[in-house]
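J.: Based on what follows, work out the 3D shape:
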Amino acid sequence: MLNDYLDSVKKQFLYYKMLGDKTFVQLPDDKLFWQFNDDSNSIATIVKHLWGNMLSRWTDFLTTDGEKEWRNRDAEFDNDITSRQALLEKWDEGWACLFEALNALTVDDLDRLIYIRNQGHTVLEAINRQLAHYPYHVGQIVFIGKMCAENGWTSLSIPKGNSQAFNVEKFSKPKQKGHFTDDFLNPDTPASSPNK
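T.: This is a model prediction of the structure:
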């Protein structure tokens, strides 16, 4: 069961990274830096915050506090990324740090105690904490993307009006073990096609 847990969380994190990736490609460069008002964040700012959090939390994950002394969280909310390339570099660097740490874990690590801001967490609790945090921000990225897409929005989930067709396709097959995210991580799955 715990082996399944590690596989499952990796799939979930991959799914949310994919949602961000597929949002970025639908937007012109200038929309990645758009802010609704001074109290809101641009997509670039959200990416910068995720990057800072990921590097802090997942670097030396098992041996040092997840809130590193070198992290400057307040600076993550300065809207100072100026290019798509810089945004994507931070995005990919953060996720690479996360997956490197996750891939190094074993089942025996899950009940080990680590610290985030001097507060003890089991490794499993720390993973769950980030599995709640990152989708919160990826949801913001997708929401802003939907508002800013200039050529119409290509659905990242089951497109509006296609739930019945999706369900018919799913129920036409034998029961199987799998995750909802498998449908969307596998580009060969017909029901997950954005044109469906």
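
J.: Contact partners for residue 144?
T.: 34, 42-43, 46 (C-beta atoms under 8 Å, 6 or more residues apart in numbering). Where C-beta positions appear, they are placed from N, C-alpha and C, glycine not excepted.

J.: And residue 97, by the same measure?
T.: Contacts of residue 97 by C-beta under 8 Å, 6+ apart are 54-55, 58-59.

J.: Please determine how far it is located from residue 3.
T.: In this view, residue 97 and residue 3 are 23 Å apart by C-beta to C-beta, to the nearest Å.

J.: One more: residue 34?
T.: In terms of C-beta to C-beta, residue 34 sits 43 Å off from residue 3.

J.: now, which of the contacts of residue 144 sits nearest residue 109?
T.: residue 46 (29.4 Å; C-beta to C-beta).

J.: Following the chain onward from the helix or strand the closest one falls within, which element is next?
T.: Taking DSSP states H and E as the criterion, residue 46 maps to helix 43-58. Later in the chain than helix 43-58, the nearest helix or strand by DSSP H and E is helix 84-104.

J.: avg pLDDT for that following helix?
T.: Helix 84-104 shows a mean pLDDT of 98 in the predicted model.

J.: quick revisit: neighbour count: residue 34 and residue 3, which is higher?
T.: residue 34 (16 against 9; other C-beta atoms under 10 Å).

J.: Go ahead and confirm that one touches residue 44.
T.: No. The pair residue 34 / residue 44 is not scored as a contact, 9.0 Å apart, by C-beta atoms under 8 Å.

J.: so what's residue 91 closest to, chain neighbours aside?
T.: Closest residue in space to residue 91, ignoring its immediate chain neighbours: residue 47 at 5.1 Å, by C-beta to C-beta, 6 or more residues apart in numbering.

J.: Who are the contact partners of the one you found?
T.: Contacts for residue 47 were tallied using C-beta under 8 Å, 6+ apart; they are 20, 81, 87, 90-91, 141.

J.: Am I right that residue 152 sits in a strand?
T.: No. Counting by DSSP: H, G, I helix; E, B strand; the rest coil, residue 152 is not part of a strand but coil.
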